[in-house]
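Colleague: got a predicted structure plus its sequence, pasted below:
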Amino acid sequence: MSLVIPVDEYATDEWYPGFTPAFGHAPFVVEPFRTFSEQDEKRFWFLDFHCPRGLTPLGTTWLEDCYSWGTQLTAEQMPLPHSRGITQRMAGTHVYAAAIPVESRYEIEARSVRMERRLPGFLQGFQALWNRRVAEIDAGWRYFQGIDVERSSLSELGAMLAEARRYAQRAFEIHFEMMYPLLANHLGFTGMCTELGLDPHEVGTFLQGHDTKIMETDRELGRLAAAARDAGLGPLFAATEPERLAGTLAAEGGAATAWTSRLRDFLDVYGHRIEGVCDVALPSWIEDPAPVLGMVRTLLLKDTDHDFEAALRQAQIERDTAIDAARSRLTRREQEAFDAGLASVQAANFLRWQDDHSHYIDLRVSLPMRRAALGIAEKAGADRPDDTLFLFWPELDAVASGERAYGEFRSIVEVRRQYFAHWHERRASMPKVLGTVPEAVEDPILTEIFGLDEHFLRVVTATARAGDGTTLTGVPAAKGRATGVARVLSDAGDLHRLRPGEVLVCESTSPHWTPAFAAIAACVCDSGGMLSHAAIVGREYGVPTVTACGLATVLVEDGDRVEVDGGRGTVTVVRVGAPAGGSGS
């Protein structure tokens, strides 16, 4: 009998206090995003890792336009044989997601034929197509950067907001247009390796060792930290919390002033990104440099600077060694099939694209919409700069058009702020899954990216507290062994709490977490498969990583001492309650 985890606590017609949209609030392809209803208990839902803080009202446009629309549009156009994309439900301010399955055997077969006809042409033209898409995204970015928000009228800002929303939607159409065919090809090669008797966990190693835009940013961040060390600013950083560093550096003068100028140069090039995935509520590094300063602080606490170039060279050596070892176990005919498949996934490399697309899409396309919303807040007389983020799209549109005065929403904005804070505190206790839990998940997207395999499903129903000697198991995502103090983080805003040599324990990582891999001893995630961000970066940076542990953030406490074996996929609590701030070994 299937396990059923009730959804009734989250069933409501309201998205937030004071907002109940009519059906079809925004256009949709297959199934609209909405709140839970009793009927949803028959389906399987997983707690989505993309927005661990929860979403503000304006942030829900990402679910409508990007996550829901983008996955469903591409799944239908490609088409994916077994899936019609992903739909979402709100539980408070948090997001649960579910695949939309294709039920008909006839339709699955027909969709498979159509996909097989389309895939070769896509793969042959992948790089040229991706270059065109990057140019399109960059052209839009330059357009919005050229708008003077301060001099724009309220109605002009409303027009900018509408354009910025469509820009984000288009970016995520591109996102999934590229992602699904790349993933299909990657999974095809993984299946072939399995048939040849090769370890499918090695496929990621075959494709590692390539530079990306995210790694470029990390290298420059490392150079920024090295410059601060050379300038003698290590003690100042060590003694100051990240949110106070900007003011402290400004007051210090001398070498601090010179380094701050270098920081501004860094932000001019790399600061147009947020600490999350397309969340309009998050500021860019330029707007709030505390995340950058916090990471510089963490890197300065290390005895030596991280050698990014050496890590890349080592990843390349491991890649070539793994490929040679795999080929040596094959017959000549098998080698020919392996080489052809490998050439295809190398030319259209899902792992490399995964990081590059995050630079161009995930980490920045929400910023034009944010700038417009903050500008509207100022022009409309809001009490706080980000008050408009607590309005839903129809409400904010009405304010921008002059149809309604902001004053009409003042009291409900405060109620919604409290609602957001309440649900933010509840995140750690939210069930990892809801509805009817299956014995196995068939959708390869959910297993390979989200890590929703049979082991994960078994683990997430457990409630026991980890004790001394408890061993958690998950996906062996990046090889190596490490021991260190566990630092359990809920979102990237807490990255400044990391100390060198600690073990990062979190729900999952996204590209904005990447700089932390230059400092940590190991990484452990509740979710994520072999193609998740943590798995990819763990391999590139040589950081032992285990994903899809299910309840690591629940069973491991901040300060526990843990052993991580990334090759076996195990995490052992060797001593509970170690003093916080220790170092790995």
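Modeller: It's in. Numbers count the residues shown, from 1 in each chain.
Colleague: all strands for the protein, in order.
Modeller: Along the chain, the segments classed as strands by DSSP state E run 3-5, 34-35, 44-47, 83-91, 94-101, 433-437, 471-473, 475-478, 481-488, 503-506, 522-525, 545-547, 561-565, 570-575.
Colleague: now do the buried residues in stretch 122-130.
Modeller: Residues 122-123, 126, 129-130 are the ones in stretch 122-130 that count as buried (16 or more other C-beta atoms under 10 Å). Just so you know, the C-beta spots here come from the backbone N, C-alpha and C atoms, and that holds for glycine as well.
Colleague: roughly how far out does that stretch sit from the chain middle?
Modeller: Averaging C-alpha positions (C-alpha atoms, centre = their mean, to the nearest Å) puts stretch 122-130 24 Å from its chain's average.
Colleague: check what contacts it and list those residues.
Modeller: Stretch 122-130 is contacted from outside by 178, 181-182, 185, 344, 347-348, 353, using C-beta atoms under 8 Å, 6 or more residues apart in numbering.
Colleague: of all the strands of the chain, which lies closest to residue 112?
Modeller: strand 83-91 (11.9 Å; C-beta to C-beta).
Colleague: domain boundaries for this protein, per the record?
Modeller: 3-177+364-429, 213-308, 461-575 (automatic domain parsing).
Colleague: where among the ones you listed is the average confidence lowest?
Modeller: The weakest mean pLDDT among the domains of the chain belongs to domain 461-575, with a mean of 88.
Colleague: can you give me the offset of that domain from its chain's centre?
Modeller: 15 Å.
Colleague: same check, this time on stretch 304-315
Modeller: The chain centre lies 24 Å from the centre of stretch 304-315; the measure is C-alpha atoms, centre = their mean.
Colleague: buried set for that stretch?
Modeller: Neighbour-count burial for stretch 304-315, counted by 16+ other C-beta under 10 Å, picks out 306, 308, 311-312, 314-315.
Colleague: now swap in stretch 249-269 and tell me
Modeller: Residues 249, 255-256, 259-260, 263, 266-267 are the ones in stretch 249-269 that count as buried (16+ other C-beta under 10 Å).
Colleague: of all the domains of the chain, which lies closest to residue 320?
Modeller: Residue 320 sits nearest to domain 461-575 of all those, at 13.8 Å, using C-beta to C-beta.
Colleague: returning to what we had before: which one of the contacts of stretch 122-130 sits closest to residue 391?
Modeller: For these, the closest approach to residue 391 (C-beta to C-beta) belongs to residue 178, at 32.4 Å.
Colleague: wait, that closest one sits on residue 350?
Modeller: No: judged on C-beta atoms under 8 Å, residue 178 makes no contact with residue 350 at a distance of 9.4 Å.
Colleague: still on that earlier bit, ok, which pair from the contacts of stretch 122-130 is furthest apart?
Modeller: For these, the farthest-apart pair by C-beta to C-beta is 178 and 344; their separation is 15.3 Å.
Colleague: so which of the two has more stuff around it?
Modeller: Legend: neighbour count by other C-beta atoms under 10 Å for residue 178 and residue 344, higher for residue 178 (22 against 19).
Colleague: find the centremost residue of this structure, please.
Modeller: residue 510 (3.1 Å; C-alpha atoms, centre = their mean).
Colleague: got a list of what that residue touches?
Modeller: Going by C-beta under 8 Å, 6+ apart, residue 510 touches 49-50, 276-277, 358, 362, 492, 533.
Colleague: cutoff 6 Å now
Modeller: Residue 510 is in contact with 277, 533, counting by C-beta atoms under 6 Å, 6 or more residues apart in numbering.
Colleague: can you flag which of the buried residues of stretch 304-315 belong to helices?
Modeller: Members of those lying in helices (criterion: DSSP state H): 308, 311-312, 314-315.
Colleague: format those residues as CSV; extra columns: distance to residue 6.
Modeller: CSV is the format used below for those (distance: C-beta to C-beta, whole Å):
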residue, distance to residue 6
308, 48
311, 46
312, 48
314, 48
315, 45
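Colleague: looking at these, spot the one nearest residue 43.
Modeller: Taking C-beta to C-beta as the measure, residue 43 sits nearest to residue 315 out of those, at 39.7 Å.
Colleague: how much space separates residue 423 from residue 177?
Modeller: Applying C-beta to C-beta, to the nearest Å, the value for residue 423 to residue 177 is 33 Å.
Colleague: what sits closest to residue 46 if chain neighbours are left out?
Modeller: residue 433 (5.2 Å; C-beta to C-beta, 6 or more residues apart in numbering).
Colleague: of the contacts of stretch 122-130, which is the most crowded?
Modeller: residue 182 (25 neighbours).
Colleague: quick one on the thing from earlier: closest to residue 40 out of the buried residues of stretch 304-315?
Modeller: Within the buried residues of stretch 304-315, proximity to residue 40 (C-beta to C-beta) peaks at residue 315, which comes in at 42.5 Å.
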